[in-house]
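Undergrad: Turn this into a structure:
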Amino acid sequence: MKRTLQTLILLTSVLLAGASQAAAPAAFTVEVTGQGRPLILIPGLASSGEVWQGTVARLCGPKTGRACHVLTLAGFAGVAPIEGDLLAQAEQQLAAYISTQKLGRPAIIGHSLGGFLALKMAIDHPAQTGKLLIVDSLPALGAVQMPSITPEQLQAMSSQMQSAMRAQDAASSSASQRRAVAGMASAPADVERIIGWGQRSDRETVIRAMGTLMASDLRQDVAKVQSPTLVLGTWIAYKDYAPRAAIEATFQQQYAQLPGVKIALADTARHFIMYDQPDWMYARIEQFLD
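TA: Numbering: from 1, shown residues only. Got it, this is the predicted structure:
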């Protein structure tokens, strides 16, 4: 069974007198497929929930006993943007969605920026986060080249990056996007699909979300995660810059404080593992969930 739920009204807070404030604008849409144990799937920067289509068919098809709740964040892939900090609002509204839908502690699967949001949920809302599966995402993306970077340096780097992105004209921005995405998936059709989502995304939302990601450092905060966690990473796209062992070491170092974390790197997949090595990814997800 498939239905689409628009997150139009979510409780933001409760006043001392017990009355609710005006509902916040929706930070995401949700599409639900299947029935049974709930899974929440969050796509990455400027991506549509459609990226999980094959994953949903495998994990939440008939007789699987699972229900996939697939998000698309506001401002991405044609969904209307909202004002303010998208990731902070998405986190709070997702916690509210889990409560109102009585999902208990659903497993959360997040890709890239969605993996960062999944980590934030596990850190800030442990009672509402079940098993955690992170697909090619790090707690501190901005610290990859300089592990000892300070919060002030991260913020400065993020601000500089955002200013440079805003200074680009439309043609330059489109060319930059194409160059970036070209290395994220192997099949040309997949690359074009991802580019299409980016073209339908709100540019300012993408810039601000990327800025938040680059300025954040969760390497110590992940020690608060109580959920069993599996991290699936990639390395092949960076083979000209670093050997597999070095990239695997980066994942191990960034997740060092997360209790009991399991990390596996795909052999041939680029960033969009669900397109490049789907069977490898599905097998590890199913083993982890079951």
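
Undergrad: wait, is residue 68 part of a strand?
TA: Yes: in this structure, residue 68 lies within a strand as judged by DSSP: H, G, I helix; E, B strand; the rest coil.

Undergrad: isn't it right next to residue 61, touching?
TA: No: with contact defined as Cβ atoms under 8 Å, residue 68 does not reach residue 61; the gap is 9.5 Å. Every residue, glycine included, has its C-beta placed from N, CA and C.

Undergrad: more neighbours, these two?
TA: Taking other Cβ atoms under 10 Å, residue 68 and residue 61 do not tie; residue 68 has more neighbours (27 against 12).

Undergrad: Apart from its chain neighbours, what residue comes closest to that one?
TA: residue 60 (3.9 Å; Cβ to Cβ, 6 or more residues apart in numbering).

Undergrad: hmm, back to that, can you list residues touching both of residue 68 and residue 61?
TA: residue 34 (Cβ atoms under 8 Å, 6 or more residues apart in numbering).

Undergrad: okay, now residue 164: neighbour count?
TA: Considering only other Cβ under 10 Å, residue 164 is surrounded by 11 other residues.

Undergrad: just the strands in the stretch 1-150 of the chain please.
TA: 2-6, 28-34, 37-42, 66-73, 107-111, 132-135 (DSSP state E, counting those that start in this stretch).

Undergrad: Can you tell me which of these is nearest to residue 263?
TA: Each of these was scored for nearness to residue 263 using Cβ to Cβ, and the closest is strand 132-135 (9.2 Å).

Undergrad: which residues are in contact with the closest one?
TA: Counting by Cβ under 8 Å, 6+ apart, 107-112, 114-115, 118-119, 122, 225, 227-232, 273-274, 281, 285, 288-289 sit against strand 132-135.

Undergrad: still on that earlier bit, on the pLDDT front, check the residue nearest to residue 68 for me.
TA: Residue 60 is assigned 96 on the pLDDT scale.

Undergrad: Ok, residue 17 next?
TA: 27.

Undergrad: Run through this structure and note the low-pLDDT ranges.
TA: 1-23 (pLDDT under 70).

Undergrad: Nearest the geometric middle of it, what residue?
TA: Central residue of the chain (Cα atoms, centre = their mean): residue 114, 0.7 Å from the mean position.

Undergrad: That one contacts residue 40, correct?
TA: No: under the criterion of Cβ under 8 Å, residue 114 makes no contact with residue 40, lying 9.5 Å away.

Undergrad: hmm, back to that, residues in contact with the residue nearest to residue 68?
TA: Residue 60 is in contact with 33, 34, 36, 39, 66, 67, 68, counting by Cβ under 8 Å, 6+ apart.

Undergrad: mind listing the helices for the stretch 1-150 of the chain?
TA: 53-59, 86-100, 113-124 (DSSP state H, counting those that start in this stretch).

Undergrad: For the first one, name the packing helices and strands.
TA: The helices and strands touching helix 53-59, judged by 3 or more Cβ pairs under 8 Å, 6 or more residues apart in numbering; DSSP states H and E, are strand 37-42, strand 66-73, helix 278-289.
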